[in-house]
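>>> here are the coordinates; sequence isn't available:
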């Protein structure tokens, strides 16, 4: 106690403010940010979504391939394969791999870059074999029984020398020889564009509709909500299907189709919020001060219901992605050769038995994206709800 | 009760009329008639076809004709398959769709609710985290991905079930699994959170304090009160199973209504699209009405007159 100087013990003069010993109270925004950052899955989701957006919109520029260029000679190439190496009499090494599903040999270099399709000799239809010549060496491709074998002239089987990744087509190629990675990225671009634009459309229509219905109340509200009820009696997907039948298929049509019905959820939520908020004192105060309904709505009511609106918005994005891929899957989505995750999946189903890798990538991509948006939505809901997280 | 049902039925008719009108004018807004195809028809044949299907009449007359036919439960002829009526199309597909759909609903209730209960009773222990992890997977993965991936693993790789068709009873496994996957996850999540909330209630403490048996506390006091939100989602479950069946029946080649619908879309068979949509809407509205009545029966606190307002 001796190190406290005597004047510290003096009384504070009357009227002088004493600084409170407490950190500044965090604002609502800071609280939300803190709670969101504490939620690990949500943070990972945000990082994933940002990475996906960057990859989808800039990735295709870094690829030597395009989403539409076909190369039937290099169709259905897997993303990784077992390479064989054959050395001929002159000491030259030829590396290649065998596509066990279409019985073709493809030449590759030591790093796994594709060099092209190897041309074999005449197929022996009776013995079910095909000779391949490498300098003075001849290999027989024997497909009389599965799995296919490569035989030397003396009848001994050639063994693969090891696994290698496909460096030219990282994700392999589809049944028309198009690069799956680039198509995948274009698919992501389409899905994300549809998701964000349709969600934005839903946001504006839904907030406006719900806001007007909630604020006006009475007969207007009853009529407007009856209309919403009629729309939402049958699944919204069904309307999108019907609208897509009417429109020509294409990106714009999907956005219009999704945007024209999916606002009903948003309208309902906004209306509910407005209904509960409009009896608050501050609204009465604003009205007394002569604020117009439009001003009360945009300045007082909507900003106060921003939490549920944002949560609904993040929940709308995955459902828009899902609807788009769903439509593309049943053939009502984007027009070929454009790719979407849904159309990539349905193309992959056709070749599922022989080339399951074609299914893996779009399926994984859409599942991961749906995960990310779901987690983000959950995280945002917890973060924006002032009662949660205590 | 009676006036409530009457009220609801009246509302259903209005909704159905709105949907009929909407689909009718949507389908007539499609550019090109139903007989526009790659093969040019001779003008006489086209005129005869139009006369046969009443397409030469003014549109309001066609609309009234269509409404009149709907009132007698006649959805009209198919434009693509001569001599086939939409009614017979639906009748052919309905048993398949009903069977898979019903099995899926049973799976949703019989798996979703118990999983949710297990998770809630073991809160934050391994059964809870396992169930919630699987449920998160199920909610996020689209049904067609579940379907195709499960075909690959269970039908192609393991060979346990056929890849398509319903000739074999094992053929039901994958379609039902893919159809109900999302809703099993959804219902188990819902049951868990609802039961957790109920377990915190004062009357649960009272029940425990009275020394009731554990099973009685759980089933009579806990579960019965926490199942109400689950019943509410059963209406949307039916709706979702219907739209889900488009893709699932397509993937598994099941001859149901969903596949018929997708087929009509690719064939541009406009009367079939209209007819099946109206049929779906009618079925759904009846389902939602049933769920609402069930709800009232389960929760006596809800007054019907209030719900009608």
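Arrived safely, thanks for sending. Values in this document were obtained by computation on a predicted structure and should not be read as measured data.
>>> which bits of the stretch 151-300 of chain A sit near chain B?
Taking C-beta under 8 Å from any C-beta of the partner chain as the contact definition, the stretch 151-300 of chain A meets chain B at A:229, A:230, A:233, A:234, A:235, A:237, A:238, A:241, A:242, A:243, A:245, A:246. Just so you know, the C-beta spots here come from the backbone N, C-alpha and C atoms, and that holds for glycine as well.
>>> flag every buried residue along the lengthiest helix in chain B.
Ranked by residue count, the top helix of chain B under DSSP state H comes out as helix B:270-298. Using 16 or more other C-beta atoms under 10 Å in any protein chain shown as the test for burial, helix B:270-298 gives B:270-285, B:287-289, B:291-292, B:295.
>>> for stretch B:5-17, same thing?
The neighbour-count check on stretch B:5-17 (16+ other C-beta under 10 Å) flags B:8, B:11, B:12, B:15, B:16 as buried.
>>> for stretch B:109-117, same thing?
For stretch B:109-117, the neighbour count (16+ other C-beta under 10 Å) marks B:109, B:111, B:112, B:113, B:115, B:116, B:117 as buried.
>>> residues contacting the fifth one?
What that stands for is residue B:115. B:131, B:135, B:184, B:188, B:191 (C-beta atoms under 8 Å, 6 or more residues apart in numbering or on different chains).
>>> can you pick the most crowded of those?
Most neighbours among the contacts of residue B:115, by other C-beta atoms under 10 Å in any protein chain shown: residue B:188, with 28 neighbours.
>>> what's the burial count for residue 164?
Unless you meant another one, I'm taking chain A. Neighbour tally, residue A:164, other C-beta under 10 Å: 19.
>>> not what I meant, chain B
For residue B:164, the count of nearby residues is 15 (other C-beta under 10 Å).
>>> so how far is residue B:171 from it?
Distance, residue B:164 to residue B:171, by C-beta to C-beta, to the nearest Å: 8 Å.
>>> overlap of the contact sets of the two?
Common neighbours of residue B:164 and residue B:171 (C-beta under 8 Å, 6+ apart) are residue B:252.
>>> where does chain A dip in pLDDT?
For chain A, the stretches with pLDDT under 70 are A:1-2, A:18-20, A:146, A:155, A:385-390.
>>> how about the longest helix along it, which residues are buried there?
For chain A, the helix that runs over the most residues, judged by DSSP H, is helix A:180-216. Residues A:180-195, A:197-199, A:201-203, A:205-215 are the ones in helix A:180-216 that count as buried (16+ other C-beta under 10 Å).
>>> after it, next one along is what?
helix A:218-231 (DSSP states H and E).
>>> nearest spatial neighbour of residue A:315, skipping sequence neighbours?
Setting aside the residues directly before and after it, residue A:315 is nearest to residue A:377 in space (C-beta to C-beta, 6 or more residues apart in numbering or on different chains), at 4.8 Å.
>>> separation between the one you found and chain B?
11 Å (C-beta to the nearest C-beta, to the nearest Å).
>>> count of residues packed around that residue?
Using other C-beta under 10 Å, residue A:377 has 21 neighbouring residues.
>>> and what of residue A:13?
Residues near residue A:13, counting by other C-beta under 10 Å: 6.
>>> same check, this time on residue B:86
Around residue B:86 there are 24 residues (other C-beta under 10 Å).
>>> again, but for residue A:175
Residues near residue A:175, counting by other C-beta under 10 Å, number 17.
>>> for chain B, what's the nearest residue on the stretch 51-200 of chain A?
Ranking the residues of the stretch 51-200 of chain A by distance to chain B (C-beta to the nearest C-beta) places residue A:191 first, at 11.5 Å.
>>> now that residue, nearest residue through space, not along the chain?
Leaving aside its chain neighbours, residue A:191 sits nearest to residue A:321 (5.0 Å; criterion: C-beta to C-beta, 6+ apart).
>>> tell me who's in contact with that neighbour.
A:191, A:192, A:194, A:195, A:341, A:366, A:369, A:370, A:373.
>>> next one: phi and psi at residue A:136?
phi -100, psi 0 (degrees, to the nearest 10).
>>> give me every residue in chain B lying close to chain A.
B:14-15, B:18-19, B:23, B:26-27, B:29-30, B:136, B:139-142, B:144-145, B:148-149, B:151-152, B:156, B:239-240, B:242-243, B:246-247, B:250-251, B:262, B:265-266, B:268, B:273, B:277, B:280-281, B:284-285, B:288.
>>> of those, which belong to helices?
Using DSSP H, these in helices are B:14-15, B:18-19, B:23, B:26-27, B:136, B:139-140, B:144-145, B:148-149, B:239-240, B:242-243, B:246-247, B:250-251, B:262, B:265-266, B:273, B:277, B:280-281, B:284-285, B:288.
>>> which residues of the stretch 201-309 of chain B score low on pLDDT?
Using pLDDT under 70, the flagged stretches of the stretch 201-309 of chain B are B:302-309.
>>> go again with 50.
B:306-309 (pLDDT under 50).
>>> now residue A:82: which helix or strand?
Taking DSSP H and E as the definition, residue A:82 sits inside strand A:80-87.
>>> neighbouring strands - and their directions - for that strand?
Its sheet considered, strand A:80-87 pairs with strand A:93-99 (antiparallel), strand A:162-165 (antiparallel) by DSSP bridges.
>>> mind listing the helices for the stretch 1-150 of chain B?
For the stretch 1-150 of chain B, helices defined by DSSP state H, counting those that start in this stretch occupy the ranges B:2-28, B:43-52, B:59-71, B:86-107, B:113-121, B:126-140, B:143-150.
>>> just put those helices in JSON lines and tack on mean pLDDT.
Formatted as JSON lines, the helices of the stretch 1-150 of chain B follow (pLDDT from 0 to 100):
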{"stretch": "helix B:2-28", "mean pLDDT": "84"}
{"stretch": "helix B:43-52", "mean pLDDT": "77"}
{"stretch": "helix B:59-71", "mean pLDDT": "82"}
{"stretch": "helix B:86-107", "mean pLDDT": "86"}
{"stretch": "helix B:113-121", "mean pLDDT": "89"}
{"stretch": "helix B:126-140", "mean pLDDT": "86"}
{"stretch": "helix B:143-150", "mean pLDDT": "84"}
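>>> give me whichever of the ones you listed is most buried.
Of all the helices of the stretch 1-150 of chain B, helix B:143-150 has the most neighbours on average by mean count of other C-beta atoms under 10 Å in any protein chain shown, namely a mean of 23.
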